[in-house]
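**Student:** fold the following.
(one chain, ligands or ions: 1)
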Amino acid sequence: MSGLERITGQIVSIIYYNEHNGYTVADMDWEEQLVTVVGFFPELQEGEQVSLSGKWVTHPEYGMQFKAESFHVEIPSSEESIEKYLASGVIKGIGPVTAKRMVRHFGKDTLDIIQFHPYRLTEVEGIGEKKAEQIILSYEEQQGLREVMLFLQNYGVTPRYAVKLYKKYGEKTIATLKENPYKMAEDVIGIGFKIADQVAMNMGIDPRSNYRITAGVKYALYQVHNNGHIYYPEEQLIANAAKLLEVPREEVQNYLVDMVMKGHIKLEMIDEERVYYSIAFYRAEEEVAWRIVALSMTESEENIIDLQDKINGVEKKNNILLAARQRQAIEESMDKGVLVITGGPGTGKTTIINSILDILEEMDEEVLLAAPTGRAAKRMAEATGREAKTIHRLLEYGFAKEEENQYFQKNEEAPLEADVVIIDEVSMVDILLMNHLLKAIQPGTRLILVGDVDQLPSVGPGNVLKDIIESGVVKVVQLNEIFRQAQESMIVVNAHHINKGELPLLNVKNKDFFFHRIHTKEEVLSTLVDLCSTRLPKYKGFDPLQDIQVLSPMKKGILGVHQLNQSLQEKLNSPHKNKKQKQMGEVIFREGDKVMQIKNNYNIRWENIADGEELKGEGVFNGDFGIIESIDLEEGKLRVIFDEEKLVEYEFNQLDELELAYAVTVHKSQGSEFSVVVMPMSWGPPMLLTRNLLYTAVTRAKSLVVLVGLEKYLLDMIKNNHINKRYTGLSQRIRDKLNFLLNEQEL
Ligand SMILES: Nc1ncnc2c1ncn2[C@@H]1O[C@H](COP(=O)(O)OP(=O)(O)OP(=O)(O)O)[C@@H](O)[C@H]1O
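**Tutor:** Okay, the predicted model is just below:
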């Protein structure tokens with residue numbers, strides 16, 4: 001190749017590494033000079049010997065650099081480079097001390113020993129059987145991963161995805177991808193059709209092959225699920241898929257028929273329009289519809305003669321007079337197969353749940369309580385004084401004996417044993433979880449769904465609570481009265497104003513809802529930081545980490561959660577020589593940081609460290625907040641304490657499950673409550689700045705809401721009643737099933 005030079009040297013330090021695209025800036029020791037090299041690499045380690053092909057270029061700011069176009073990692077050969085390589089933390093169980101001892105003992109043969117004679121590792125002081133095993137495993141993994149990275153690099157796939165693929169397929173990664181590159185788009189989250197397609201194209205697959213178009217259409221449907229839809233209209237699906245595949249629309253259209261025939265997708269007529277479902281979601285919607293109808297048709301025969309006396313008793317006990325709708329909700333809960341109770345904050349949902357529990361327990365009925373998130377379940381438990389689980393726990397999601405995959409162990413064959421199941425925060429339940437829940441509820445068990453239908457819909461696909469209400473098939477009690485106690489809170493009063501499209505009352509003296517007018521975005525950012533770090537803690541002793549939560553509609557931009565987290569971290573938990581930290585891409589995790597788990601992990605173990613408790617368990621869930629307790633750079637581990645009591649240990653390669661959480665998006669905050677909510681009021685895409693997003697944010701606060709920015713944006717949000725439409729067929733489907741059954745009965 002003309003003009004390309006080759007240089008070989010040792011990586012001295014990594015200056016920058018972008019985990020998304022592998023872009024690296026590093027210092028290299030080349031012929032006893034320190035030179036800067038840049039290029040796209042798998043994650044390099046300090047101490048590694050690399051050989052690069054590329055060109056010398058002059059960067060306007062940084063001067064001479066070597067821009068690499070291809071690279072080759074050499075196996076370190078000198079004692080010094082082996083020690084440096086091992087000391088870099090690349091292999092779990094080996095840190096600087098162990099690396100030194102190993103090299104002192106085995107010299108230049110150290111790496112050969114790990115690879116070919118691992119039983120000799122225990123000769124080294126400080127390496128026992130267990131540690132040796134850990135080293136061997138980690139080394140093998142490292143080698144396997146390298147191979148996959150190099151293979152994928154040929155097809156333009158970045159190291160970050162290589163890691164994900166390797167986690168999924170292990171040593172079979174290369175074979176699997178060679179056989180069907182499109183599989184990775186289906187199996188690995190974050191790898192879209194585009195990346196798979198890039199690999200396939202580079203492998204020489206025909207762009208108009210059946211294989212490719214089928215994968216493209218399926219992927220176009222997956223994408224619409226990611227936006228919350230259950231189905232998609234034909235025209236739009238064809239347009240999306242044709243754009244994705246860069247083929248004429250007719251080409252896609254021709255394949256749709258074939259895909260329907262082969263059972264890859266489902267065609268339906270909804271509102272006289274041809275629409276398509278992916279099979280899993282079609283089944284889920286069908287099943288939910290059938291089950292809702294079946295359950296709602298089974299009314300309890302029992303006639304509770306003294307029900308009114310019992311309700312009066314509850315009133316007396318709690319020293320309240322129930323409103324007519326509240327009374328009705330309690331009455332309906334005694335015999336309806338399915339009952340929905342919905343209302344905004346302070347309308348008495350918790351009061352009703354407690355009243356129902358009092359009455360049912362007196363009648364010796366078995367009641368189970370659950371909510372979709374860990375936080376919501378915890379709040380339910382606190383508000384009722386009874387056990388409340390996440391829906392996943394209630395349904396015993398996990399590994400059964402000798403099973404490879406996790407599944408819901410409570411289902412049609414092993415239903416929940418209860419007279420009544422009460423689910424709170426149902427607006428957060430998506431179609432798939434609702435299906436699993438309903439499978440585990442047998443006719444005869446009554447289901448009470450409680451929630452606020454005006455909150456943002458579930459993160460996952462569907463609009464289940466709204467659809468069930470709109471079907472008209474299920475009994476719904478809509479609570480609309482705010483009680484006096486709740487009225488004292490401007491948070492509650494304003495939430496209702498916002499929900500009705502009215503202006504909230506701001507800055508009422510001695511109340512709990514404030515607006516700071518600030519003009520520029522930069523000033524909004526500095527005010528938010530100042531409020532969290534100084535003013536609010538001073539004002540009423542709020543703890544910056546435990547009590548105060550910054551919410552933002554957006555992830556990006558100066559007032560998006562990424563930037564907010566960086567600024568808040570800098571102020572609230574700045575770097576310190578005694579605080580260890582670990583950089584992951586652009587994010588630094590530091591001891592003492594506030595973090596959030598961003599996906600459900602049912603297997604990760606926790607240990608209860610609260611006083612006097614000796615409990616262990618499994619599972620940390622999407623939306624759980626914690627504090628980083630310690631980071632072990634030698635072992636490659638990071639420990640987080642959730643809810644001040646659950647200690648969880650993460651391997652560094654699991655850190656994509658965590659995010660800094662000084663600030664989180666409103667979407668991620670669903671189901672959580674905080675003492676204080678602080679939120680910027682600034683420009684953002686109208687799709688995001690909606691009334692129900694503001695309503696959801698405000699209703700997360702218990703003691704104080706502080707909005708910072710310009711009133712104009714507050715007004716814009718209140719006016720923007722655009723509810724992003726979700727294509728779901730559940731409500732019509734429930735009605736259809738009922739009609740079908742009624743017709744059957746008539747025949
Ligand atoms: N019938 C009533 N008479 C007087 N006070 C009531 C009545 N019902 C509820 N309350 C009071 O109103 C307040 C709000 O009720 P509750 O907590 O049950 O509402 P909620 O809908 O669960 O609210 P949130 O969604 O905000 O938790 C409570 O202080 C409760 O004691």
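**Student:** surely residue 293 forms part of a helix?
**Tutor:** Yes - according to DSSP: H, G, I helix; E, B strand; the rest coil, residue 293 belongs to a helix.
**Student:** now the strand or helix carrying residue 716, how far from the centre of its chain.
**Tutor:** Secondary structure from DSSP states H and E places residue 716 in helix 711-719. From the chain centre to the centre of helix 711-719 is a distance of 28 Å (Cα atoms, centre = their mean, to the nearest Å).
**Student:** which residues of this structure lie near the ligand?
**Tutor:** 320-323, 326, 343, 345-351, 483, 485-486 (Cβ under 6 Å from any ligand atom). C-beta: built from backbone N, CA, C; applies to glycine.
**Student:** buried ones from these, can you make that a ChimeraX selection?
**Tutor:** Buried residues within the residues of the chain next to the ligand, by 16 or more other Cβ atoms under 10 Å, are selected in ChimeraX with:
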select :322,323,326,343,345,346,347,348,349,350,351,483,486
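**Student:** now for the residues of the chain next to the ligand: which two are most distant?
**Tutor:** Within those, 321 and 345 form the most distant pair, 20.2 Å apart (Cβ to Cβ).
**Student:** got a list of what the nearest residue to residue 729 once chain neighbours are set aside touches?
**Tutor:** Using Cβ to Cβ, 6 or more residues apart in numbering and skipping the chain neighbours, the partner closest in space to residue 729 is residue 270 (5.3 Å). For residue 270, the contacting residues are 231, 729, 732, by Cβ atoms under 8 Å, 6 or more residues apart in numbering.
**Student:** just to revisit the earlier point, hmm, who's touching the helix holding residue 716?
**Tutor:** 498, 501-504, 515, 517, 681-684, 686, 689-691, 693-694, 707.
**Student:** filter those down to the ones in strands?
**Tutor:** Here DSSP state E is the test, and the contacts of helix 711-719 give 515, 517, 681, 707 as lying in strands.
**Student:** who wins for most neighbours among those residues?
**Tutor:** Counting neighbours by other Cβ atoms under 10 Å, the top entry in the ones in strands among the contacts of helix 711-719 is residue 681, with 25 neighbours.
**Student:** pull out the buried residues from the contacts of residue 270.
**Tutor:** 231, 729.
**Student:** make JSON lines out of the contacts of residue 270 and add pLDDT, secondary structure and distance to residue 649.
**Tutor:** As requested, these are arranged in JSON lines below (pLDDT from 0 to 100; DSSP: H, G, I helix; E, B strand; the rest coil; distance: Cβ to Cβ, whole Å):
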{"residue": "231", "pLDDT": "96", "secondary structure": "strand", "distance to residue 649": "42"}
{"residue": "729", "pLDDT": "95", "secondary structure": "coil", "distance to residue 649": "44"}
{"residue": "732", "pLDDT": "95", "secondary structure": "helix", "distance to residue 649": "48"}
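**Student:** quick revisit: can you select the buried ones from the contacts of helix 711-719 in ChimeraX?
**Tutor:** Per 16+ other Cβ under 10 Å, the buried members of the contacts of helix 711-719 correspond to this ChimeraX selection:
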select :498,504,515,681,682,683,684,689,690,691,693,694,707
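**Student:** quick one: low-confidence parts of the stretch 1-150 of the chain?
**Tutor:** Counting by pLDDT under 70, the stretch 1-150 of the chain has low-confidence residues at 1-2, 19-21.
**Student:** how about the helices in it?
**Tutor:** Along the stretch 1-150 of the chain, counting by DSSP state H, counting those that start in this stretch, helices occupy 79-87, 96-106, 110-116, 129-153.
**Student:** of those, which is nearest residue 699?
**Tutor:** helix 129-153 (44.7 Å).
**Student:** quick check: angle from that closest one to helix 79-87?
**Tutor:** 90 degrees (axes from the mean of the first three to the mean of the last three Cα atoms, to 10 degrees).
**Student:** tell me which other helices or strands helix 129-153 touches.
**Tutor:** helix 110-116, helix 159-169, helix 173-179 (3 or more Cβ pairs under 8 Å, 6 or more residues apart in numbering; DSSP states H and E).
**Student:** same thing but 10 Å
**Tutor:** strand 63-74, helix 96-106, helix 110-116, helix 159-169, helix 173-179, helix 193-203 (3 or more Cβ pairs under 10 Å, 6 or more residues apart in numbering; DSSP states H and E).
**Student:** let's have the helices of the stretch 1-150 of the chain in JSON lines, adding mean neighbour count.
**Tutor:** Converted to JSON lines, those look like this (neighbours: other Cβ atoms under 10 Å):
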{"stretch": "helix 79-87", "mean neighbour count": "20"}
{"stretch": "helix 96-106", "mean neighbour count": "18"}
{"stretch": "helix 110-116", "mean neighbour count": "16"}
{"stretch": "helix 129-153", "mean neighbour count": "17"}
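**Student:** in CSV, list the ones you listed along with distance to residue 508.
**Tutor:** Output for the helices of the stretch 1-150 of the chain, formatted as CSV (distance: least, Cβ to Cβ, whole Å):
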stretch, distance to residue 508
helix 79-87, 61
helix 96-106, 59
helix 110-116, 68
helix 129-153, 59
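**Student:** out of those helices, which is closest to residue 574?
**Tutor:** The nearest among these, by Cβ to Cβ, is helix 96-106 at 25.8 Å.
**Student:** what does the closest one rub up against?
**Tutor:** 47, 78-91, 94, 109-114, 117, 120-121, 123-127, 131, 135, 633-634 (Cβ atoms under 10 Å, 6 or more residues apart in numbering).
**Student:** same thing but at 8 Å, please
**Tutor:** 79, 82-84, 86-87, 94, 110, 113, 120-121, 123-127, 634.
**Student:** stretch 569-588 too?
**Tutor:** Here stretch 569-588 has contacts from 17-20, 529, 532-533, 544-545, 562, 565, 589-594, 630-633, 638, 652, 655-656, 659-660, 662, using Cβ under 8 Å, 6+ apart.
**Student:** ends of that stretch, what's the gap?
**Tutor:** Distance between the two ends of stretch 569-588: 9 Å, counting by Cα to Cα, to the nearest Å.
**Student:** so for that stretch, what gets flagged as buried?
**Tutor:** In stretch 569-588, counting by 16+ other Cβ under 10 Å, buried: 569, 571, 572, 573, 580, 581, 582, 587, 588.
**Student:** next: stretch 194-204.
**Tutor:** Buried, per 16+ other Cβ under 10 Å, within stretch 194-204: 195, 196, 197, 199, 200.
**Student:** of the residues you listed, just say which sits nearest to residue 475.
**Tutor:** For the buried residues of stretch 194-204, the nearest to residue 475 is residue 196 (47.0 Å; Cβ to Cβ).
**Student:** tell me how far that closest one lies from the ligand.
**Tutor:** 44 Å (Cβ to the nearest ligand atom, to the nearest Å).
**Student:** in which helix or strand does the closest residue to that residue other than its chain neighbours reside?
**Tutor:** Spatial nearest neighbour of residue 196, excluding adjacent residues (Cβ to Cβ, 6+ apart): residue 185 at 4.0 Å. Using DSSP H and E, residue 185 sits in helix 183-187.
**Student:** which strands and helices lie in contact with that helix?
**Tutor:** helix 159-169, helix 173-179, helix 193-203, helix 210-226.
**Student:** partners of residue 30 in the sheet?
**Tutor:** Bridge pairing for residue 30 (DSSP bridges) gives the partners residue 33.
**Student:** show me what contacts whichever residue of the stretch 551-700 of the chain sits closest to the ligand?
**Tutor:** Going by Cβ to the nearest ligand atom, the ligand is nearest to residue 699 of the stretch 551-700 of the chain, at 7.0 Å. By Cβ under 8 Å, 6+ apart, residue 699 lies in contact with 344, 345, 452, 455, 491, 495.
**Student:** now with 6 Å?
**Tutor:** 345, 495 (Cβ atoms under 6 Å, 6 or more residues apart in numbering).
**Student:** equivalent analysis for residue 215, please.
**Tutor:** Counting by Cβ under 6 Å, 6+ apart, the residues that residue 215 touches are residue 182.
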